[in-house]
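1. just the structure for this:
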Amino acid sequence: MKLHNLRPKPGAKHKKKRVGRGIAAGGGKTAGRGTKGQKARSGGGVPPWHEGGSLPLVRRMPVKRGFKPPFPKVYHEVNVEKLNVFPEGAEVTPEALVEAGILRKIKYPVVILGRGELKVALKVKAHRVSKGARAKIEAAGGTVELLPVE
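-> Numbering: from 1, shown residues only. Take a look at the predicted model:
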């Protein structure tokens with residue numbers, strides 16, 4: 001057997017029926033489209049989402065409404081409890097967070113959030129700090145400095 005001998009199994013392939021070629025051809029006159037109506041016209045038919053004039057599903061559902069900002073502000077979130085890996089008096093910057101393995105890379109500004117407890121006094125430099133996180137850092141004897149957001 002060679003490539004030029006390969007053929008599909010008999011009966012596996014069917015010839016496409018050519019409609020609109022006269023009565024004798026078997027698909028003449030209306031060519032399988034029925035008689036009249038939107039679907040019988042050339043270029044006619046309704047889109048798949050059309051629901052016959054009733055209120056579309058998309059408008060019946062109460063979800064997916066409102067405004068979604070096209071350019072939302074995204075931050076790397078770091079909780080206070082993660083900062084315990086730093087030694088006493090260390091300076092915590094976005095670069096230091098990457099070196100410590102808390103962040104993979106600095107793609108967005110960094111925000112410090114207040115979950116957990118802080119046991120060491122640190123100098124924290126971040127783009128944003130929540131009120132709770134600031135209170136915990138200062139209660140542990142540390143300081144907070146805000147970096148400018150680009």
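
2. how many residues are close by Val80?
-> Counted by other CB atoms under 10 Å, the residues lying close to Val80 total 25. For every residue, glycine as well, the C-beta is placed using N, CA and C.

3. verify the contact between it and Val111 for me.
-> No - look at Val80 against Val111 with CB atoms under 8 Å: they stay out of range, at 11.4 Å.

4. so which helix or strand takes in the closest residue in space to Asn84 that isn't next to it in sequence?
-> Closest residue in space to Asn84, ignoring its immediate chain neighbours: Lys119 at 5.5 Å, by CB to CB, 6 or more residues apart in numbering. In this structure, Lys119 sits in neither a helix nor a strand according to DSSP states H and E.

5. do the same with the one 5 residues further on
-> Using DSSP H and E, Val124 maps to strand 123-126.

6. ok, that strand: who's next to it in the sheet?
-> strand 91-92 (parallel), strand 143-146 (parallel) (DSSP bridges).

7. now these in TSV, with distance to Val74 and mean pLDDT?
-> Shown next, in TSV, are the strands paired with strand 123-126 (distance: least, CB to CB, whole Å; pLDDT from 0 to 100):
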stretch	distance to Val74	mean pLDDT
strand 91-92	20	95
strand 143-146	18	96
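
8. what ranges do the helices span in the protein?
-> Using DSSP state H, the helices found in the chain span residues 57-60, 94-99, 131-139.

9. for Asn5, which of these is the nearest?
-> The closest of the helices of the chain to Asn5 is helix 57-60. By CB to CB, the value is 53.3 Å.
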